[in-house]
Every structure is written in structure tokens, then in C-alpha cells.
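Asks: Fold the stuff below for me.
(2 chains, ligands or ions: 2)
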Protein chains: 2
Amino acid sequence: MMKQTITLLLILCISYAQAQNADSVTIRKFYNEALANGKSYEWLRHLTKQVGPRLSGSTGAQKAVDWTKQLMEQEGFDRVFLQDVMVPHWVRGAKEVAYIQNGKQKTTVPIAALGGSVATAPKGVEAGVIEVTSFPELRALGADKVKGKIVFYNRPMDPTKINTFEAYGGAVDQRANGATEAAKLGAVGAIVRSMNPRHDDYPHVGGMRYGTGVPLIPTAAISTNGADLLSKMLKENPNLTFYFKQNCETLPDAKSYNVIGEIKGSEKPDEIIVVGGHLDSWDLAEGAQDDGAGCMQSIEVLRLFKALGIKPKRTLRAVMFMNEENGLRGGVQYADLAKKNNEKHMAAVESDAGGFTPRGFGIVGTPEQRAKVMPWKPLLAPYGLLEIGAGGGGADIGPLAQSGTVLFGFRPDSQRYFDYHHTAVDNFEVVSQRELELGAASMAALIYLLDQYGL
Amino acid sequence: MMKQTITLLLILCISYAQAQNADSVTIRKFYNEALANGKSYEWLRHLTKQVGPRLSGSTGAQKAVDWTKQLMEQEGFDRVFLQDVMVPHWVRGAKEVAYIQNGKQKTTVPIAALGGSVATAPKGVEAGVIEVTSFPELRALGADKVKGKIVFYNRPMDPTKINTFEAYGGAVDQRANGATEAAKLGAVGAIVRSMNPRHDDYPHVGGMRYGTGVPLIPTAAISTNGADLLSKMLKENPNLTFYFKQNCETLPDAKSYNVIGEIKGSEKPDEIIVVGGHLDSWDLAEGAQDDGAGCMQSIEVLRLFKALGIKPKRTLRAVMFMNEENGLRGGVQYADLAKKNNEKHMAAVESDAGGFTPRGFGIVGTPEQRAKVMPWKPLLAPYGLLEIGAGGGGADIGPLAQSGTVLFGFRPDSQRYFDYHHTAVDNFEVVSQRELELGAASMAALIYLLDQYGL
Ligand SMILES: [Zn+2]
Ligand SMILES: [Zn+2]
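Replies: Numbers count the residues shown, from 1 in each chain, chains lettered A, B, ... in the order given. Ligands and ions are numbered 1, 2, ... in the order given. As a prediction, this is how the structure comes out:
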């Protein structure tokens, strides 16, 4: 009996080792192909330079839909299709103007309307300024002090957080809800320090929401240098005024699309593994790191399977989600349709943290599901994928979790992401070809293992 | 007896846990200070923008010596001193000129003389071209085919290597020894594809050596785009000629210095821990990633100890080594003087792989010494320092190994280093403040543990 057990254990060990070895050879091939013959970088050049900014509802977004559909068709995926989705259609209008009026001295500062904001009156708004760093601080001041004023939110991203997403998470409430909280106390506008770890002259935009039952007041991001200057001048003269004028507008919802390419599974075609990013981007730049990178990497994952002749058992889908930035309508629609069509989504992987050097994956699933992934760690470690554990998935794939899909958030190095995020500098030039390609190969490796072993 | 043993074990466990906890608090402080109040980035701005290029023997190098000495004095280190060192003094002279002559068509390409090369004749050299990718391939052609020709080395850095230093190591023989190997077979010049993972127009220079007893032929780096073009044109017309003219010169050795700042140890002042980088840089750019970053990080390490009021038991030295790039005279001189003065160097840490996001440390020491470091891994992991193990130390600290000093090479992310290395684009702008500061804090954390627990 003892002898038999030992023999069985030995056989199990050997076959486990052999499987691991075969997998490590395959994973090496994904990296070789992505690094030596990768397409993601040249695709990203096209998406950023030829298509450009692509905020939901814009002609750029429509061009991006058309071009990625065409690209996936050219790559010969088994099926390429669109999903209709109605999206918010906000437009910036003419460039914003802002200045600090300090006695007779007028100092121009760079601002940009936040996505979803209303315009100012055509002649702009000018008022005294109340600087705060939090909502409790604002509420403590009370309506008496805030009424008729512009509230200036100036809490920086915490530089001591090692992961910049944590610092972003600790500051972004000002952008999302600042206008509402200010309006509740009678403010006439809200100016928000850019979510930017650097000191520079670029406003960083992003989505905001109005609460129900409060006046819709205009709100804009100010550059970090502009915020520092305003704060300094306020200390010298609390009675200075701030002027801004913005011309943005929310138009009726527009028709748009998720774009989906598919490689049919050979054994379990009804089990789907999604890899995706969001196709829309803010209007100030080319949307290179956010999230052209993730989109091009996702298509590259499917191309890698095809180029290496690896036929997945399950169906792989590259999904270009529409409208992550100001509505998440694409992600919600994708999950709704999956439910309606009774599709089984085993896993979904999202790349929406930039095309930087890969460091790992965050997993949203049960402890048992996470435990299934752990034996793969030695296969991924040679590629620097050392941070694998519980953590965020991704906004677009989030709605799939309800139906039991296990979510994987691709985690590249976070240090530079917010330098570019939602600004005029998020252009092709800030993407490193090698870093982008390593990310695509890393996602392919994970998806290969998910397909081989399931969850 | 059993009971006593258990009690003892428990006490040991508890005090170990308490020590780890105190250490983790201290390490967190290093990061907080470096990220919130760090000086390395502004210092680097000065070194790159005010001092600029600083090849050994140049006035830039002398300025760098003067300024770093002054900086460490201002920071109030216990002792700041210079070590004399005679260094090679090579100068580029007027900018190089090169073109491909293909029939009547003349195509200019970007080249730059390699450090240590001789000039061409004043009117330049023009000859047919022999393209090879290795020395064996060159030798197989033989003197008949090579005599009177320009040898063009065109083996790229292998893009499939995950760590770019490995790819560099696999290509740099062409630069270091290409001229000598070509001269042995009667070539009149050697042109070397830049060690650059990207396709662009910047020649990447670096040191080369002439073997004894062979003619000194001129040698230059060509940009990767230039190399691709030359290769393509050679395939169409193997009889085209290449012209280049360079004006470089090796002057008599010049007097220079290592610059050293010190915090005296409170308990074991005679045991020294070195942290350093090299102060010299190539002449085409500001030497930001290579190695202004490492120098400024090293001074920042000492500043962090002072700012936090942490008195090291052992003596800490920040060493700005002179002449790593084309001679290593500073590193050799430092080790020679250490020996002569009977100094005990317990450990040396070098940062010469750029100011990118930290990933770990390579250790050169005995297995027992490496084993001493392993229990520190959980203290360093929260900061992304996950790659800690045997590996390279650093060129400048290398000569200390002979006397038993344990060497630590700081390992930042390697993906972008060779994009900038030894080119005109290695300027302040390619350094990320956060990445630089994280590196300084990581080195401080390691040095703190080395000082606390020894090896
Ligand atoms: Zn995004
Ligand atoms: Zn260097």
C-alpha cells in the first residue's frame, strides 16, 4: 500500500513537472513573439496618431470603432462584431480661460473643465475663493463662508504612497463630488487640484457627477503649479478673486459600440475568456497610456495565439469597451448582454493601468479561485510578474463579477501613470515599446494558463 | 527542559518579531522622507542642467567634483574629502560626418566616435563595407575579403531578453573589441550598430579598447536606423562605399578626483559601508540616468539618515567615483587606497543602472553572506523590492571584492535604460522624480539593515 502510494505520488510529481515545463516553453514563446515581432506598438501609433482623442460620442470614438473592427478582421479572428451601446455625449467647446485677480494683478492659470460639468455663464464667473483640502473641512466652514464663493479643493495625491493608484484613490473624491459638496453650501463654482504627482502646468481632467437636488455649478481642474500658485497668493491675500469661463455642454446620448474580436474555443467554445481595455479616451490628448495601450495589448494577445498556432480550448475575446471614462456604459452593456445571451464568462482580464513594465495581476474571485492561480507563480516569475494576489480587476469588466466571472486586473508599474493620466501629454511618445510588448505577452501567458487549467 | 526550550524559543520569536516591526517602521520613514521631502531630483537638475556632460578630464568633470564636494559639505556630513586619481583624457573634437555613397547617391547617417578611438585622417576614410554580426563570421571571411574595407558590425541587442542588461551583454563585444578584430584582418575602420533596443537616429557611444600589436583604426557607433539603412542598401549594392570623418584625440592623462562624503559610525566607526555611483558621464548629453541618478541617490541616502536622526553604528560613505566610463580608474584607486589605509569595508552598494523603479538588489558575496540578507526580504517587499539574490554588484565597487567586501548592485527596472544610455537623449527630462526617489529610499533601507545587523 505504502509502495503504491509512493509510486502514485512520484507519477503525479513527474507529470506535474512535465506540464510545468511544457507551459514554461509556451510562455517563453509568447514573450519571444511579442518582443521580436510584436504589433501592439505600431497599432498604438495608428490609434493615437491617426485616430487620436476619442471621447464617447465624438467622431474620434467612431473612427476608433471602425478601425479596431477592421484591424481585427484583417488579423483573421474567427468573429468580429459590434455591440450597440448608447453613451453620454459631453463636449468641451472652446478652450477654457482662467485667471487669478489679485488687486490689479491678473495671473492666468491653466484649467480644463471636468467631464460632465456645465458651462459657466457666457461671460464666465468671478468670485472670492475658499481653499479646503477635504469635505469635512468645507462643511465645518458652513454656508455662511461658502455662499457665492468658488471652492478650491487643494488636497494633493499623497506622495508617500508607493502605489500611485492608492494616492489617486485618496484624492479623487474632490474631482468626482467636489462640485456637489460645494453647491450644497451655495458655492458658484469648484476648482480642483489636478490628480497629478508632478508639479507642472497640465490640468488633468476626468469624470465628475452632480448629486440630485443641488444646483449644477461649473467645475474645472487646475494644474498642480496653478494650484500651488493660487494657494500661495490666497495666503497673501485671502480676498483675491478667481475668474473662469468654460463652454462645455452635455448633448443627447449618442449611439456607439463595444468592438469585439473572437477566437473560437476548440474544446469548450461556450466558455469565454475576455481580455480588454477601453477604447474611449479623454479629449485633451491621444489616450496612449489610458487606454490605447490596453486595447492594443488585448488585440495583440489574440494575435499571439494565432501567430504561435496555439488553439485555445475556450473562446477568447478581445473586447474594446466603450465609455469607461464618463459612464461605463460599454462595460455594463457587455455584462447585460452576456447575461441575456446566457454566455458563460469564466474569466476576464483588463489592462487599464498603462502600458508600463508588468509587475503582476490583481485577482477578484473566491479564495479557492485565487488558490488555483498560485501554482502558476513560478511560471510567471521569470518575467517579473511577482505581484499576484487579491486586488482590483478593472472598471469595464467589473459588472461581469455578478455572474461569477473571475476578474484579473493587469498590474504594470504604477509610478508614471498619473504623470500622463487625462492630460494633454498622454500621447504615443510616452509609451515604451518594450514595456507595452511585455504587458501583452504577460496577459497572453495568464490567459494561456487560464485556458489550459480553468478555474 | 522541554518547557524551558519552548519558553526560550517563544522569547526569541517575540524579540525577532519586535525587531522586524521596529525596522519596518524605520524603513517606512526613509520612504516617506524621500518621497515627500526628497532632494535627489533637484540635485540632479543641477548636476545635469548646470554642470552637464562630464567626461573624465573635461571641465565638466571638474565642475562636478567641485559641486558635489560643496553639496556634501552644505549637507553637513561629518567629513568630505577628495581622492586624487589620474584619468584618461579623450576628447571628441568636432562633430563627426558620415555618409553612404551608393553610385551617385550620398546618404548622410548619424555616427559618433567611440570613446578611446583614434581620429580618421583629416580628409576622412572611405571604403567598401563588410557587414557581419559576429567575430567568428568576420574571421571566416578572412583577410582577403576584409583588407582595406570598413567592417560594419550589425548584431542587434536581442529583444527577447527580458532584462536589457543581458541583451547589452550579448552585443557589447562589437563595440569594445570590434576595431581590434577588424584591424587584425587589415580593415581600415569599424562601424558598430548602437547598443539600443529602439529604432531611432541617435548613436550610442561607449568605451572601446585597442589590442596590442594591431593597427589603431578609427571606430564609431552608428544609430540603429542608420545601421538598418546601411544593411538594406548593402543588400541592394554590395559595392557601395562608406565615408566617415572623426576628429577625436587622446590627450595625456589628467588629474581628477573621487569625491567622498562620510557620516561617522557611532559604534563601529572603522567598519565602512559605501554607497555610490560614478560622477563621470559621456559627452553627448547630461548623464542623467547614467549615472547622475546614482550619484544623487547616494548623497540622498546619507541625507536621509541625517534628516531622520538615525545615527549609523558603522561609517557610511557616499562615493562619487570618477572615470567609470572609460577607465575605471576611480574605482581601482578607491580600492587601492582602502587596502593601503587598512580600511575595513563591510559592504558596498552601487547604483549604476538608472533611476528607474526599484526591483531589488544583486548580491556578490558568499552563500552565507547572501543567506544573512534573506530574512530582510519581508521588510523590503512592500516597496516592490522582490528581486533579491545573487547577481552583479557594480563596476566601481568591483575592485573592493578582493578584500572581502560584499557588493550590492541596485537593480531598478531595466526596460528603458538602454533607450538613453550613452546618447544625446540621456538628459534630466527622462528621469521620473518618483522613480529616482524610490531608488534612494530603497538603497537607504538596505544600508540601514546592513548597518543594524552586519554580514
Ligand atoms: Zn482608463
Ligand atoms: Zn554608468
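
Asks: so where do the helices sit in the stretch 251-400 of chain A?
Replies: Counting by DSSP state H, counting those that start in this stretch, the stretch 251-400 of chain A has these helices, from start to end: A:293-307, A:329-340, A:367-373, A:377-380.

Asks: and of those, who's closest to residue B:232?
Replies: helix A:293-307 (24.4 Å; CB to CB). C-betas here are computed from N, CA, C, even on glycine.

Asks: for the closest one, packing partners?
Replies: Helices and strands touching helix A:293-307, as assessed by 3 or more CB pairs under 8 Å, 6 or more residues apart in numbering or on different chains; DSSP states H and E, comprise helix A:2-37, helix A:40-45, helix A:59-74, strand A:249-263, strand A:268-278, strand A:314-321, helix A:433-453.

Asks: For those, state which one has the densest average packing.
Replies: Of all the helices and strands packed on helix A:293-307, strand A:314-321 has the most neighbours on average by mean count of other CB atoms under 10 Å in any protein chain shown, namely a mean of 27.

Asks: which outside residues touch it?
Replies: With contacts defined as CB atoms under 8 Å, 6 or more residues apart in numbering or on different chains, strand A:314-321 is touched by A:64-65, A:68, A:72, A:77, A:258-265, A:267-279, A:295, A:298-299, A:301-302, A:305, A:330-331, A:334, A:346, A:396, A:447, A:450-451.

Asks: Adjacent strands (with direction) for that strand?
Replies: Sheet pairing of strand A:314-321 (DSSP bridges) gives strand A:249-263 (antiparallel), strand A:268-278 (parallel).

Asks: Put together CSV for these, with distance to residue A:351 on each row.
Replies: Listed next are the strands paired with strand A:314-321 as CSV, based on distance: least, CB to CB, whole Å:
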stretch, distance to residue A:351
strand A:249-263, 15
strand A:268-278, 5
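
Asks: For chain A, which residues are neighbours of ligand 1?
Replies: Residues of chain A found near ligand 1 (CB under 5 Å from the ion) are A:290, A:291, A:352.

Asks: neighbours of the last one, just the number please.
Replies: Put plainly, it is residue A:352. 24 (other CB atoms under 10 Å in any protein chain shown).

Asks: Spit out the contact partners of it.
Replies: Residues in contact with residue A:352, defined by CB under 8 Å, 6+ apart, are A:277, A:278, A:290, A:291, A:294, A:324, A:394, A:395, A:396, A:409, A:410.

Asks: Following the chain onward from the helix or strand hosting residue A:192, which element is next?
Replies: Assigned by DSSP states H and E, residue A:192 belongs to strand A:189-193. Next helix or strand after strand A:189-193 toward the C-terminus (DSSP H and E): strand A:219-222.

Asks: Partner strands of that next one, with direction?
Replies: Partners of strand A:219-222 in its sheet, by DSSP bridges: strand A:111-113 (antiparallel), strand A:189-193 (parallel).

Asks: hey, C-alpha coordinates of that strand in CSV?
Replies: The C-alpha coordinates for strand A:219-222 follow below in CSV (Å, rounded to 0.1, in the frame of the first residue of the first chain):
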residue,chain,number,x,y,z
THR,A,219,-16.2,72.8,-12.1
ALA,A,220,-12.7,72.5,-13.6
ALA,A,221,-9.3,71.0,-12.9
ILE,A,222,-6.3,73.4,-12.3
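
Asks: Quick one: mean pLDDT over whichever helix or strand comes after that strand.
Replies: For strand A:219-222, the following helix or strand on the C-terminal side (DSSP H and E) is helix A:224-236. Computed over helix A:224-236, the mean pLDDT rounds to 98.

Asks: Also stretch A:418-435?
Replies: For stretch A:418-435, the per-residue pLDDT averages 98.

Asks: Skip the chain neighbours and tell me the closest residue to residue A:335.
Replies: Among residues not flanking residue A:335 along the chain, residue A:399 sits closest, at 3.5 Å (CB to CB, 6 or more residues apart in numbering or on different chains).

Asks: same question, residue A:289
Replies: Sequence neighbours aside, residue A:354 is the residue nearest to residue A:289 in space, at 4.1 Å (criterion: CB to CB, 6+ apart).

Asks: most tightly surrounded among the helices of the stretch 251-400 of chain A?
Replies: It is helix A:293-307: most buried of the helices of the stretch 251-400 of chain A by mean count of other CB under 10 Å, with a mean of 27.

Asks: dump the residue contacts of whichever residue of the stretch 201-350 of chain A sits closest to chain B.
Replies: Among all residues of the stretch 201-350 of chain A, residue A:224 sits closest to chain B, at 12.2 Å; criterion: CB to the nearest CB. Listed by CB under 8 Å, 6+ apart, the contact set of residue A:224 reads A:156, A:193, A:194, A:196, A:198, A:199, A:200.

Asks: so how far is residue A:203 from the nearest residue to residue A:154 once chain neighbours are set aside?
Replies: Nearest residue to residue A:154 in three dimensions, chain neighbours excluded: residue A:193, at 4.8 Å (CB to CB, 6+ apart). From residue A:193 over to residue A:203 the distance is 10 Å, taken as CB to CB, to the nearest Å.
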